[in-house]
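> Quick one: sequence plus predicted model below, questions after.
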Amino acid sequence: MSTGIVVVGAQWGDEGKGKVVDHLATDAAVVVRYQGGANAGHTLVVGGQKTVLHLVPSGILHPGKCCAIGAGCVVDPHELATELASLRAAGVAVEPDRMWISLRAQLVLPPHQRLDKAREAAAGAKRLGTTGRGIGPAYEDAVGRRGVRMVDLLDPDRLRSRVEGVLRERNLVLEGLGAEPFTTDEVLAPLLEIAEELGPFITDVGHRLDAHLRAGDIVLFEGAQGSLLDVSHGTYPFVTSSATVAGSASVGAGVGPGAVGRVVGITKAYATRVGAGPFPTELNDETGERLRRVGAEFGATTGRPRRCGWFDAVALRYAARINGLTEIALTKLDVLSGLETLQIAVGYKADGVDLESFPAVDLEQVEPVFETVEGWSEPIEGARVRDALPEAARAYVRRLEELVGVPVSMVSVGPGREAIIPWSSETYQSRHKSYSSK
Ligand code: IMP
């Protein structure tokens, strides 16, 4: 049996993946990040205490679970060392026997971050609204075959030569944009220092995962960002620079695709997006403001206010298809309490014509077709079983399930670890069957 479970964002990121991974980690042996870098921000609330992780997988707060950063990630080594130190300070055991960093993961270096910011500044109104964490430039160097990898930290001579290779290219671009270039030693000296600290954690992650999968252990593949930010399948060019979809899990972690048995898509009960780019169901009104306020919709990494809107079933059907979602975890249902009516985008029109699929271009031009459903007034944070929810809330979940065509397996009604309602679909019987869009 395939014991791998992929947890993937089904919208534009910030769906609450960290919380769902934290929940599923109880039964898992390993949690592995397979793409992205410190552009992600997972906020976890455990015992009333808030922890924000950018690189370390959310599973680290479970004693005894192993956590890994896969080959498909781009890692800012200073950020990683800071996170490990703050976890240790909070009393979390972070030792090389349970924290693994792939030999093959790429490094995000200060020139990548400076370049990311310089490009955004130069783009003016056309900027993408990146997190400024150097993600795009680091992936460019990776596929440009001049990147610096974790394994290079273990050999100072090779490290120097790799850093020189990056700077040969990147300094030219920095200067072209009017930004300061770097000297080799400026980049190298802090890396040599950090290499001592990170060295013991650097290992062959794919090999270790393989041993667990062969033993029948559950391995969680923790996605970052969301499907609509995928570099190929998202709202290009307003995307991140990695493949965020579920198929990327095996590539980025270093195991075969047969390892994956379940693909859990995480979606909020409404929609948000941070950064620029099309967002068909966006609300630029009092309701959008209310969702932002009640849902505390501010970026965990940059603090930016998130754009808010209604649930978009067209986008979700697309996410279900491109990820092969086997189930959905619905988050933040509690945020909708108190709204008299709710809207759900059930289709798109462009020039008056119905669109059959999520468009690859001109998403700005589409007009969502909304269905209005009844809201509920009661607060629902305290509900722990489905029957404790008002009928209108249950009907809302059922309707989303029908529209997306994938069974809901859990519903989250608050930020705390315990605020999760296990859900056995009323509409779909099988949880493990793969549903694609209709
Ligand atoms: P980058 O990943 O920093 O290059 O940013 C590219 C786009 O992805 C921007 O719109 C960011 O706001 C968005 N983005 C990157 N990481 C996240 C995330 O973890 N959550 C939500 N949006 C993200």
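Noted; the coordinates are in hand. Numbers count the residues shown, from 1 in each chain.
> if I read this right, Ser425 contacts Met410, doesn't it?
No - counting by CB atoms under 8 Å, no contact exists between Ser425 and Met410, whose distance comes to 10.7 Å. Bear in mind the C-beta positions are built from the backbone N, C-alpha and C, glycine included.
> Just the closest residue of the chain to the ligand, please.
Gly275 (2.2 Å; CB to the nearest ligand atom).
> who touches that residue in this structure?
By CB atoms under 8 Å, 6 or more residues apart in numbering, the residues touching Gly275 are Leu128, Gly129, Thr130, Thr131, Phe238, Arg304.
> Show the backbone phi and psi for Val74.
For Val74, the backbone dihedrals (degrees, to the nearest 10) come out as phi -120, psi 120.
> In the host helix or strand of Thr51, which residues are buried?
Under the assignment given by DSSP states H and E, the secondary-structure element containing Thr51 is strand 49-53. Neighbour-count burial for strand 49-53, with 16 or more other CB atoms under 10 Å as criterion, is recorded at Thr51, Leu53.
> pLDDT of that strand, averaged?
On average, the pLDDT along strand 49-53 is 76.
> Can you show me the CA trace of it as CSV?
The C-alpha trace of strand 49-53 is given here as CSV (Å, rounded to 0.1, in the frame of the first residue of the first chain):
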residue,chain,number,x,y,z
GLN,A,49,1.4,29.5,21.8
LYS,A,50,2.0,30.8,18.2
THR,A,51,4.9,29.4,16.2
VAL,A,52,5.7,30.6,12.7
LEU,A,53,7.8,28.3,10.6
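> Point to the residue nearest the middle of this protein.
Centre of the chain computed as the mean C-alpha position; nearest residue by CA atoms, centre = their mean is Ala224, 2.1 Å away.
> pretty sure it contacts Gly41?
No - with contacts defined as CB under 8 Å, Ala224 does not count as touching Gly41, sitting 9.1 Å away.
> Pull the contacting residues for the closest residue to Asp76 other than its chain neighbours.
Once flanking residues are discounted, Asp76 sits nearest to Val108: 4.2 Å by CB to CB, 6 or more residues apart in numbering. Residues in contact with Val108 (CB under 8 Å, 6+ apart) are Gly37, Ala38, Val74, Val75, Asp76, Arg133, Gly134, Ile135, Ala138.
> can you do 10 Å?
Taking CB atoms under 10 Å, 6 or more residues apart in numbering, we find Val108 in contact with 37-39, 55, 73-80, 116, 133-135, 137-139, 141, 147-148.
> Quick one: residues contacting the closest residue to Lys349 other than its chain neighbours.
Distances taken as CB to CB, 6+ apart place Glu367 nearest to Lys349, at 4.8 Å, with adjacent residues excluded. By CB under 10 Å, 6+ apart, the residues touching Glu367 are Pro280, Ala345, Gly347, Tyr348, Lys349, Ala350, Asp351, Gly352, Leu355.
> same check, this time on Val20
By CB under 10 Å, 6+ apart, the neighbours of Val20 are 7, 9, 58, 220, 222, 264-266, 329-331, 409-410, 412, 420.
> Just to be sure, it is in a helix?
Yes - counting by DSSP: H, G, I helix; E, B strand; the rest coil, Val20 is part of a helix.
> What's the separation between it and Pro415?
12 Å (CB to CB, to the nearest Å).
> Common neighbours of the two, please.
Going by CB under 10 Å, 6+ apart, residues that sit against Val20 and also against Pro415 are Thr331.
> any idea how far the residue nearest to Asp76 lies from Arg262?
Applying CB to CB, one obtains 31 Å for the distance of Val108 from Arg262.
> Can you find the helix or strand in the protein with the smallest mean pLDDT?
Counting by mean pLDDT, DSSP states H and E, the weakest-scoring helix or strand in the chain turns out to be strand 42-46, with a mean of 68.
> which residues of the stretch 151-300 of the chain fall in helices?
If you assign secondary structure with DSSP state H, counting those that start in this stretch, the helices in the stretch 151-300 of the chain sit at 156-176, 184-198, 205-214, 248-253, 286-294.
> buried residues in the last one?
Read it as helix 286-294. Counting neighbours by 16+ other CB under 10 Å, one finds that the buried residues in helix 286-294 are Thr287, Gly288, Arg290, Leu291, Arg292, Val294.
> now the fourth one: how far from Arg304?
Leu291 sits at a distance of 15 Å from Arg304 (criterion: CB to CB).
> repeat for the third one
Using CB to CB, one obtains 18 Å as the distance from Arg290 to Arg304.
> Can you name the residues of the protein that neighbour the ligand?
Counting by CB under 6 Å from any ligand atom, the residues of the chain close to the ligand are 13-14, 39-41, 128-131, 133, 135-136, 224-225, 229, 238, 240-241, 274-275.
> Strands of the stretch 201-350 of the chain, residue ranges please.
Using DSSP state E, counting those that start in this stretch, the strands assigned to the stretch 201-350 of the chain run over residues 202-203, 219-222, 260-268, 271-273, 307-309, 311-312, 327-331, 341-350.
> most packed of those strands?
Sort the strands of the stretch 201-350 of the chain by mean neighbour count, taking mean count of other CB atoms under 10 Å, and strand 219-222 sits at the top with a mean of 30.
> strand partners of it, parallel vs antiparallel please.
Applying DSSP bridges to the sheet, strand 219-222 is found paired with strand 4-9 (parallel), strand 30-33 (parallel).
> Could you dump these into TSV and include mean neighbour count?
As requested, the strands paired with strand 219-222 are exported to TSV (neighbours: other CB atoms under 10 Å):
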stretch	mean neighbour count
strand 4-9	27
strand 30-33	29
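> now those strands as TSV including mean pLDDT?
What follows is the strands paired with strand 219-222, written out as TSV (pLDDT from 0 to 100):
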stretch	mean pLDDT
strand 4-9	98
strand 30-33	98
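> In contact with Asp387, which residues?
Residues touching Asp387, when contacts are defined by CB under 10 Å, 6+ apart, comprise Arg394, Ile421.
> Can I take it that it is in a helix?
Yes - assessed with three-state DSSP, Asp387 lies in a helix.
> i'd like the first residue to be 29 from this point on
Yes, from this point I'll number from 29; that puts the last item at Asp415.
> Would you mind measuring from it to Gly293?
In this structure, Asp415 and Gly293 are separated by 25 Å, where distance is defined by CB to CB.
> Could you do Glu123 as well?
Look at Glu123 and Gly293: by CB to CB, they are 33 Å apart.
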